[in-house]
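Engineer: take this sequence and fold it.
(2 chains)
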Amino acid sequence: MLTASIRHIFNYASFGSRNFHLSVVLPAEPLKKKKRVDPQVELERIRKKTRRIEKEIKRLEQRGRYLKPLDEIEGERHFIKTLDSRERKLPAPSETEVEQRALLMKEWTRFKWRQLDTECQLLANQRRELYRAMQHLRMLDPSLFELATQPDESLLGLSLSGPLYTLPQSAEVFDAVDGDYRDVTPTYRYTFEVDKKMTFGKKK
Amino acid sequence: ATSAAVAALWRSGSAATPGLTRSGRLLSVGLLIQRKAVLTPDLTELETRASDLFTRLDFERSRLSDFELRDRAESEAAKRSLSAAAEGKVQVARDGAVITAKDLMQRWAAEQQAVTLASREAADPSLKRPAVLLSTDADLCLPCCPVVDGDASLRAACDRLLELMGLTASCRLLGNAPVGLHTYKYKKSPVSLFLHRAIFTGADWRSAEASGSWKWVDADSLPGRVPDRRLLKKLRLLAAEF
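Structural biologist: The predicted model follows:
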């Protein structure tokens, strides 16, 4: 019925003579009748929504942020777009250089294989020595053997550092400043704020 | 405690504190206290060449970083402005120039030159190899003591020995199980010596030698300090570094 009335206006009006024009109000539909809302019901609805959101926030904070799976990581778009312009234009190595590199790689591979073989043998010998010691202990005293097979809890907190490239400088060259360290590492803590509309509070 | 005290304990263990015997063998524990290398070892000629090659290959396969892109763009802009200035089109302003990437690189190079590392050549070469703590006493090689009735386990005997040596705070025993076995085939009282591995975790490795009773010995110097060939072979196997 509405479209019929619009068609009627277009057929019988001319824009020039009668200055008929379509404004934004004409095609709009009439406003809906305002429903009466019980304030208690409305408050209850808002409270439930707030509780649901706060529960979700607590659950997220407890579990922590999920990390994206590696397969889904696409990388930074800025780098992907500028990939072509970031190519290094270096001269290709000569034939002699390529041959020397290949020979060095062969030599290196042989060296690392020999090193691996030596280490595997060493490991096997050490394991055999440990097994022999434990067999001997079991033969001599089974109770001591049982205690020796228990796991060592104190190994969990073990941490070692080093080796260094050079020894630390003497105090004459570099005197380390005494005092407490103040850790100024920036940390970011995300806090989720619930919208004021969702909370029940005093209205101004 | 000095190594002499530990040696005395080792010798008279059966008299003063009766050691534990099983099947006619005296049980005892020995500690293989290891110190990791303090300084990184020197690279061999092959390792140096391979390291240089890998560094070169990494560089060739890499892409330009943001800084390098900036440097390239500034160099090209500078060339263009110079050529335009040569043709008389544009006047190049020398004063009040923006800090370019090249300026930053020069600044970093200057800062790097100001840093002086301690000399590696002046350091003791034995620091580049792992070492084992041995006794300076002629009668004792490794720190060891008999297991007595009061020891709940072999590990407890090792803890007692560490306490006797005064190294409880700076040494950590690795595991409850012995890593090796050495038997003394004495006719009257054969001894089974169970070797336990411990690692030196103290801040200053020189503190263990302060008493003069103990000394760090690397793998090359072991033959001169350990007369027993069987024990020497075992120590070389167990103290080998991967």
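Engineer: what's the helix or strand for B:His196?
Structural biologist: strand B:191-200 (DSSP states H and E).
Engineer: same check, this time on A:Val177
Structural biologist: Judged by DSSP H and E, A:Val177 forms part of no helix or strand.
Engineer: pLDDT value on A:Arg110, please?
Structural biologist: A:Arg110 carries a pLDDT score of 98 in this model.
Engineer: what does the one 5 residues further on give?
Structural biologist: At A:Gln115 the predicted local distance difference test score is 96.
Engineer: specify the angle between the helix or strand hosting it and strand B:191-200 in degrees.
Structural biologist: Here A:Gln115 sits within helix A:95-140, counting by DSSP H and E. Interaxial angle, helix A:95-140 versus strand B:191-200 (axes from the mean of the first three to the mean of the last three Cα atoms, to 10 degrees): 130 degrees.
Engineer: next SSE downstream of helix A:95-140?
Structural biologist: Sequence-wise, the next helix or strand downstream of helix A:95-140 (DSSP H and E) is helix A:142-148.
Engineer: and chain B, is that following helix touching that?
Structural biologist: Yes: under the criterion of Cβ under 8 Å from any Cβ of the partner chain, helix A:142-148 makes contact with chain B via A:Leu144, A:Leu147, A:Ala148. Just so you know, the C-beta spots here come from the backbone N, C-alpha and C atoms, and that holds for glycine as well.
Engineer: now those as CSV including pLDDT and neighbour count?
Structural biologist: Shown next, in CSV, are the residues of helix A:142-148 next to chain B (pLDDT from 0 to 100; neighbours: other Cβ atoms under 10 Å in any protein chain shown):
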residue, pLDDT, neighbour count
A:Leu144, 92, 22
A:Leu147, 93, 17
A:Ala148, 94, 21
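Engineer: give me the number of residues near residue 174?
Structural biologist: As the question left the chain open, I've gone with chain A. A:Phe174 has 10 neighbours, counted by other Cβ atoms under 10 Å in any protein chain shown.
Engineer: wrong one, chain B
Structural biologist: With other Cβ under 10 Å as criterion, B:Leu174 counts 17.
Engineer: excluding its backbone neighbours, what's nearest it?
Structural biologist: B:Arg197 (4.7 Å; Cβ to Cβ, 6 or more residues apart in numbering or on different chains).
Engineer: quickly note the distance from the one you found to A:Leu156.
Structural biologist: Using Cβ to Cβ, to the nearest Å, B:Arg197 is found at 17 Å from A:Leu156.
Engineer: which one of those two has more residues nearby?
Structural biologist: B:Arg197 (21 against 7).
Engineer: that older thread, which residues does the residue nearest to B:Leu174 bridge with?
Structural biologist: B:Leu32 (DSSP bridges).
Engineer: low-confidence ranges, chain A, go.
Structural biologist: A:1-28, A:64-65, A:171, A:176, A:188-204 (pLDDT under 70).
Engineer: tell me who's in contact with the residue nearest the centre of it.
Structural biologist: The centre of chain A sits closest to A:Leu67, judged by Cα atoms, centre = their mean, with a distance of 3.9 Å. Neighbouring residues of A:Leu67 by Cβ atoms under 8 Å, 6 or more residues apart in numbering or on different chains: there are none.
Engineer: so where do the helices sit in the chain?
Structural biologist: You didn't pick a chain, so chain A it is. All helices of chain A, identified by DSSP state H, fall at A:2-12, A:39-63, A:77-81, A:95-140, A:142-148.
Engineer: sorry, should have said chain B
Structural biologist: B:3-11, B:13-16, B:45-61, B:66-86, B:101-114, B:154-165, B:222-225, B:229-238.
Engineer: buried deepest among those helices, which one?
Structural biologist: Across the helices of chain B, averaging neighbours per residue (mean count of other Cβ atoms under 10 Å in any protein chain shown) puts helix B:154-165 on top, at a mean of 21.
Engineer: picking up where we left off before, the residue nearest to B:Leu174 reaches B:Ala177, doesn't it?
Structural biologist: No: contact criterion Cβ atoms under 8 Å: B:Arg197 and B:Ala177 do not qualify, at 9.5 Å.
Engineer: residues near A:Ile46, how many?
Structural biologist: A:Ile46, neighbours per other Cβ under 10 Å, totals 14.
Engineer: gap between it and chain B?
Structural biologist: As judged by Cβ to the nearest Cβ, to the nearest Å, A:Ile46 and chain B stand 49 Å apart.
Engineer: about what we covered before: do the helix holding A:Gln115 and chain B meet?
Structural biologist: Yes: Helix A:95-140 is in contact with chain B by Cβ under 8 Å from any Cβ, via A:101, A:104-105, A:107-108, A:111, A:119, A:122-123, A:125-126, A:129-130, A:132-134, A:136-137, A:139-140.
Engineer: which of the residues you listed are buried, as a PyMOL select command?
Structural biologist: A single PyMOL command selects the buried members of the residues of helix A:95-140 next to chain B (16 or more other Cβ atoms under 10 Å in any protein chain shown):
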select buried, chain A and resi 108+126+129+130+133+134+136+137+140
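Engineer: once you drop chain neighbours, what's closest to B:Trp205?
Structural biologist: B:Arg35 (5.4 Å).
Engineer: show me the contacts for that neighbour.
Structural biologist: Residues in contact with B:Arg35, defined by Cβ under 8 Å, 6+ apart, are B:Pro130, B:Ala131, B:Val132, B:Leu133, B:Ile199, B:Phe200, B:Trp205, B:Ala208, B:Trp216.
Engineer: grab the nearest non-local neighbour of the second one.
Structural biologist: Read that as B:Ala131. Closest to B:Ala131 by Cβ to Cβ, 6+ apart is B:Trp216, at 3.9 Å.
Engineer: now swap in the first one and tell me
Structural biologist: Using Cβ to Cβ, 6+ apart and skipping residues adjacent in sequence, the residue nearest B:Pro130 is B:Glu241, 4.7 Å away.
Engineer: what sits against that neighbour?
Structural biologist: Shown in contact with B:Glu241 (Cβ under 8 Å, 6+ apart): B:Lys36, B:Ala37, B:Arg129, B:Pro130.
Engineer: from B:Pro125, how far off is it?
Structural biologist: 15 Å.
Engineer: quick one, domains of chain B?
Structural biologist: Chain B breaks down by the TED database into domains covering B:1-39+B:125-240, B:46-114.
Engineer: with mean pLDDT added, can I get these in CSV?
Structural biologist: What follows is those, written out as CSV (pLDDT from 0 to 100):
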stretch, mean pLDDT
domain B:1-39+B:125-240, 83
domain B:46-114, 85
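Engineer: go through these and name the closest to A:Thr96.
Structural biologist: domain B:46-114 (14.3 Å; Cβ to Cβ).
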